[in-house]
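Novice: I need the structure of the sequence given here:
(2 chains)
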Amino acid sequence: MRTIFHIDANSAYLSWTAAAMLEKGYPVDIREIPSVISGDPKNRHGIILAKSIPSKKFGIATGQSLFEARQKCASLAVYPPDYDLYMLCSNAMYDILCDYSSLVERYSIDECFLDYTESKKFFGDPLEAAHRIRERIKKELGFTVNIGVSNNKILAKMGGELKKPDMVHTLWPAEMESKLWPLPVGELFMVGRATAQKLRKININTIGDLANSDPQHMKALLKSHGQLIWDLANGIDHSPVFLNSQIIQKGVGNSTTIAYDVTGSTDAYKILLALTERVSMRLRKLGYMASLVSVSIKTTGFIRYSHQAKLQSSINSTSEIYGLVCMLFDQCWKGEPIRHLGVSLSDFSAASSNQLSMFDKSNPEKAERLDKTIDAIRKKYGTRSIIRGVFANSRFNPVQGGTNDSDFIMMGGYKQ
Amino acid sequence: MKILAEPIDAIVKFKGRDKPNPFKFLYRDRDGVAHEIKIDKIISVEEVQIAGIRAYIYRCQSQIGDTCKLYELKYLISECRWELYKM
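Specialist: Residues are numbered from 1 along each chain as shown, chains lettered A, B, ... in the order given. Prediction:
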């Protein structure tokens, strides 16, 4: 039987900020007062990214707007995010976990899965080892984690969520009935707001109700997702703990919420170019070419739509991708004020074995050399060391998307 | 001791593979008055990484005026910067 740990930093962004602030002599531990980490509302990024446990008592939740949160708690302390710090904290946590197993999967910036099966003979009882890891992270890094211990990833993850903070929980299959099944169905991994609502309509209110339902019924109601959540409710998960280097990335995309409403296509083109710069740079870094280009638009009325094009050949040049992005934008934009724009690429093939097209307009080798040179300059001297002329003396950020210019990527792409 | 985390100017000896060895430092208090303090004794050196920020903490002792003071200096490795950490 496998032994899997799920390690999750408690209120990650907030406790990482708190630990760094205490080190700088800040007199208050912001984990102990109603506080939140939030983006800047002036740039329309005023969303709660993390909350302290005392702020939870006021009904403040992650993803709410800062305005809404302030209405619930007038004395709410608000701090900005520091993504470089979060990357340091995440790397330090990962390094500690690597001392206990050679199989550690970085599931997100603040969550890891650790396969403890082979480590038992070196570090002993899983529960004691989990407590040692928890204590070590608290003492050495200054923040707390929850650790879930079970025989597969889903039960370990659900176990870790049971009670916070700074706890170790087991959720072995035999304990599912008493620990997991009484919880509301919305608490189950992969059951979002919409699915929970559909389930409640047919009187499935707890995870136990879902586990004891007919899987065929679930499949008929929610298609393949129904089977998936039925499996999860019954603790069925055979997926191994992957090293992130083994996970094949299938798409890259970046988007941005704009500080003002974009009403003209000139401004929209500039933002799309800045996003294309980031996306195509990431694509080339992965060593891929893409044959599916997609543009997404969110209007000020929060209506979101997208448009995509499948190409006959694969591309990775910034200019070529940008040309398609503009074409897609022109085809789908209905002229409403825009709040949010996104560019994404998928259907990858290796850049090393690309089929040339007879109908290529310009010299593809020249474009490749140019992109390669720009990437190298940016890698050595920083992303903004070389920018397009259109951005000179303009108010637009020449490379947009992502939270900072370094290697902070929410999912995957971490150091191994 | 209280956390101050004030940036300082320091004269430090770097020797081979050893950890940097602070010799004396200049510290400006909140009134802007500069104090030059010679480190009489380094009691211990510890490597820490609170919030993932790697640093060396030096527990030091110096004669300041009439009193023998205990304090801590911090070297932030990624920033190559010294702080009067606690006093």
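
Novice: same for the strand or helix carrying residue A:374, what does it pack against?
Specialist: Using DSSP states H and E, residue A:374 sits within helix A:364-381. Using 3 or more Cβ pairs under 8 Å, 6 or more residues apart in numbering or on different chains; DSSP states H and E, the elements in contact with helix A:364-381 are helix A:265-286, helix A:318-332. Placement of C-beta: from N, CA and C, glycine included.

Novice: ok, then the element right after the longest one?
Specialist: For helix A:265-286, the succeeding helix or strand toward the C-terminus, using DSSP H and E, is strand A:288-299.

Novice: how close does residue A:321 sit to residue A:280?
Specialist: Note on residue A:321: its distance to residue A:280, by Cβ to Cβ, to the nearest Å, is 5 Å.

Novice: now do the shared contacts for these two.
Specialist: Common contacts of residue A:321 and residue A:280 (Cβ atoms under 8 Å, 6 or more residues apart in numbering or on different chains): residue A:345.

Novice: neighbour count for these two, which is higher?
Specialist: Legend: neighbour count by other Cβ atoms under 10 Å in any protein chain shown for residue A:321 and residue A:280, higher for residue A:280 (26 against 23).

Novice: now the more buried one: closest residue in space, sequence neighbours ignored.
Specialist: Nearest non-adjacent residue to residue A:280, counting by Cβ to Cβ, 6 or more residues apart in numbering or on different chains: residue A:318, 4.4 Å away.

Novice: mind telling me what element residue 85 is part of?
Specialist: Because you didn't say which chain, this covers chain A. Assigned by DSSP H and E, residue A:85 belongs to helix A:83-98.

Novice: actually chain B
Specialist: Here residue B:85 sits within strand B:81-86, counting by DSSP H and E.

Novice: can you tell me the average pLDDT over that strand?
Specialist: Strand B:81-86 carries an average pLDDT of 95.

Novice: please apply the same query to stretch A:91-108.
Specialist: Averaging pLDDT along stretch A:91-108 gives 94.

Novice: could you export that stretch as CSV, CA atoms only?
Specialist: Presented in CSV, the C-alpha positions along stretch A:91-108 are these (Å, rounded to 0.1, in the frame of the first residue of the first chain):
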residue,chain,number,x,y,z
ASN,A,91,11.3,26.8,-2.9
ALA,A,92,12.4,26.6,0.7
MET,A,93,9.4,24.4,1.6
TYR,A,94,10.1,22.2,-1.4
ASP,A,95,13.7,21.8,-0.5
ILE,A,96,12.8,20.6,3.0
LEU,A,97,10.3,18.1,1.6
CYS,A,98,13.0,16.7,-0.8
ASP,A,99,15.0,15.7,2.3
TYR,A,100,12.2,13.1,3.0
SER,A,101,11.5,11.6,-0.5
SER,A,102,12.8,11.7,-4.0
LEU,A,103,9.2,11.9,-5.3
VAL,A,104,7.8,15.3,-4.5
GLU,A,105,5.3,16.9,-6.8
ARG,A,106,4.7,20.7,-6.7
TYR,A,107,1.0,20.8,-7.2
SER,A,108,0.8,24.6,-6.8
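
Novice: hmm, it touching chain B?
Specialist: Yes. Using Cβ under 8 Å from any Cβ of the partner chain, stretch A:91-108 reaches chain B at A:91-93.

Novice: show me the contacts for the residue nearest the centre of chain B.
Specialist: Geometric centre of chain B, nearest residue: residue B:73, 2.1 Å, by Cα atoms, centre = their mean. Counting by Cβ under 8 Å, 6+ apart, residue B:73 touches B:8, B:10, B:22, B:25, B:39, B:57-58, B:60, B:82-85.

Novice: distance check, it against residue B:44.
Specialist: Applying Cβ to Cβ to residue B:73 and residue B:44 gives a distance of 12 Å.

Novice: again with residue A:209
Specialist: Residue A:209 is 58 Å from residue B:44, by Cβ to Cβ.

Novice: I'd like the average pLDDT over stretch A:328-343.
Specialist: Here the average pLDDT along stretch A:328-343 is 94.

Novice: give me the low-pLDDT residue ranges for the stretch 251-400 of chain A?
Specialist: Scanning the stretch 251-400 of chain A for pLDDT under 70 picks out the ranges A:360-362.

Novice: what's the burial count for the residue nearest to residue A:280?
Specialist: As a burial measure, residue A:318 scores 23 neighbours (other Cβ under 10 Å).

Novice: list the contacts of the closest residue to residue A:284 other than its chain neighbours.
Specialist: Distance criterion Cβ to Cβ, 6+ apart; nearest residue to residue A:284, sequence neighbours excluded, is residue A:316 at 5.4 Å. For residue A:316, the contacting residues are A:280, A:283-284, A:288-290, A:351, A:371, by Cβ under 8 Å, 6+ apart.

Novice: likewise for residue A:211?
Specialist: Applying Cβ under 8 Å, 6+ apart, one finds that residue A:211 lies in contact with A:176, A:181, A:230, A:233-234.

Novice: now swap in residue A:196 and tell me
Specialist: By Cβ under 8 Å, 6+ apart, the contact list for residue A:196 reads A:184-186.
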